[in-house]
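[1] Just a sequence and a predicted model for now, questions to come.
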Amino acid sequence: MTRVEKTDLRREAGQRTREGLQAAALELLAQRGQEGVTLREITDRAGANVAAVSYHFGSLKALCESAIEHALEQYLDAQMAALDSLNPTATLQEVAAAFAGPMMRAFVAGGQDLAVMRTVARVGIEPPQGWERLTAKFDKSRRDALRVLKPNIPGVDEEELIFRTRCAAGMLNWLALAPIGAELATMSAEQLERQLVPVVAGAFRGDAAGPPAARP
């Protein structure tokens with residue numbers, strides 16, 4: 001084996017260790033949040049040693065932040081791709097399905113995908129330090145949502161639509177972490193879509209009927 005081949009093997013092994021540590025951190029973060037995760041639990045789950053954390057990340061805090069940022073990027077990339085695929089004539093139901101799509105797919109897939117979504121949900125409720133690093137992606141996701149929401153909800157200003165979008169996202173975060181999330185994880189993709197999409201669409205729509213008429 002040549003020196004170059006040995007170097008490549010070491011690099012690949014190092015990358016596997018890094019990814020294993022990040023995956024283990026995500027699973028534990030999804031269960032308990034950042035304050036409930038210990039270095040020993042992560043290394044035991046990843047089959048790595050403590051020195052590997054120092055080598056690849058520098059500290060437990062840096063590892064957790066890297067895992068959180070990775071989860072958020074995965075989520076935002078998936079959501080933006082789904083919203084970008086919609087044309088301006090998309091219905092409100094289609095917009096809601098695209099917006100909730102990453103979360104619904106995670107419930108169906110389970111495992112690492114669901115751990116990513118639950119980590120996203122936790123940091124959505126309790127934003128960590130460094131959240132601003134992803135501001136540009138959050139802004140783009142919001143713009144994508146507004147682009148396809150505006151034609152469906154005429155007469156509602158942008159500020160109100162942003163508020164409704166944030167409410168819909170908050171509801172999805174809660175569902176991922178609340179006991180009902182365990183029920184959702186047992187449903188098929190079709191059942192989930194039938195249950196969740198109308199609720200998300202309703203959050204976007206708001207009071208579509210307008211205020212009640214005054215009594216005579």
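    Perfect, I can see it now.

[2] so where do the helices sit in this structure?
    3-32, 39-46, 50-56, 60-84, 92-109, 111-125, 135-149, 158-177, 180-184, 189-205 (DSSP state H).

[3] The second one to helix 3-32, inter-axis angle?
    Same thing as helix 39-46. 120 degrees (axes from the mean of the first three to the mean of the last three C-alpha atoms, to 10 degrees).

[4] Quick check: buried residues in stretch 167-177?
    Residues of stretch 167-177 classed as buried by neighbour count (16 or more other C-beta atoms under 10 Å): 168-169, 171-173, 175-177. Bear in mind the C-beta positions are built from the backbone N, C-alpha and C, glycine included.

[5] Serialize the residues you listed to TSV and add fields for pLDDT.
    Formatted as TSV, the buried residues of stretch 167-177 follow (pLDDT from 0 to 100):
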residue	pLDDT
168	93
169	90
171	92
172	92
173	90
175	91
176	88
177	87
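
[6] got a list of what residue 38 touches?
    Residue 38 makes contact with residue 60, according to C-beta atoms under 8 Å, 6 or more residues apart in numbering.

[7] Could you report the distance from it to residue 52?
    15 Å (C-beta to C-beta, to the nearest Å).

[8] ok, of the helices of the chain, where does mean pLDDT dip lowest?
    Of all the helices of the chain, helix 3-32 carries the lowest average pLDDT, namely a mean of 77.

[9] could you check the angle helix 111-125 makes with that one?
    With the same axes, to 10 degrees applied, the angle from helix 3-32 to helix 111-125 works out at 60 degrees.

[10] Please point out which parts of stretch 57-66 sit buried.
    Neighbour-count burial for stretch 57-66 [16+ other C-beta under 10 Å]: 57, 60, 63-66.

[11] Nearest to residue 19 among those?
    Here the nearest of the buried residues of stretch 57-66 to residue 19, counting by C-beta to C-beta, is residue 66; it sits at 10.8 Å.

[12] Enumerate every residue touching that closest one.
    With the criterion set at C-beta under 8 Å, 6+ apart, residue 66 makes contact with 22, 25, 57.

[13] Please apply the same query to residue 146.
    Residue 146 neighbours (C-beta under 8 Å, 6+ apart): 158, 161-162, 165.

[14] could those residues go into CSV alongside neighbour count and distance to residue 117?
    Output for the contacts of residue 146, formatted as CSV (neighbours: other C-beta atoms under 10 Å; distance: C-beta to C-beta, whole Å):
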residue, neighbour count, distance to residue 117
158, 11, 27
161, 19, 24
162, 15, 22
165, 20, 18
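
[15] how about TSV for the residues you listed, with distance to residue 112 added?
    TSV is the format used below for the contacts of residue 146 (distance: C-beta to C-beta, whole Å):
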residue	distance to residue 112
158	36
161	33
162	31
165	27
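
[16] Out of those, the closest to residue 10 would be?
    Of the contacts of residue 146, the one sitting nearest to residue 10 (C-beta to C-beta) turns out to be residue 165, at 45.7 Å.

[17] any idea how far the closest one lies from residue 90?
    With C-beta to C-beta as the criterion, residue 165 and residue 90 are 15 Å apart.

[18] can you check residue 59 too?
    From residue 59 to residue 90 the distance is 44 Å (C-beta to C-beta).

[19] Check residue 123 too.
    Using C-beta to C-beta, residue 123 is found at 28 Å from residue 90.
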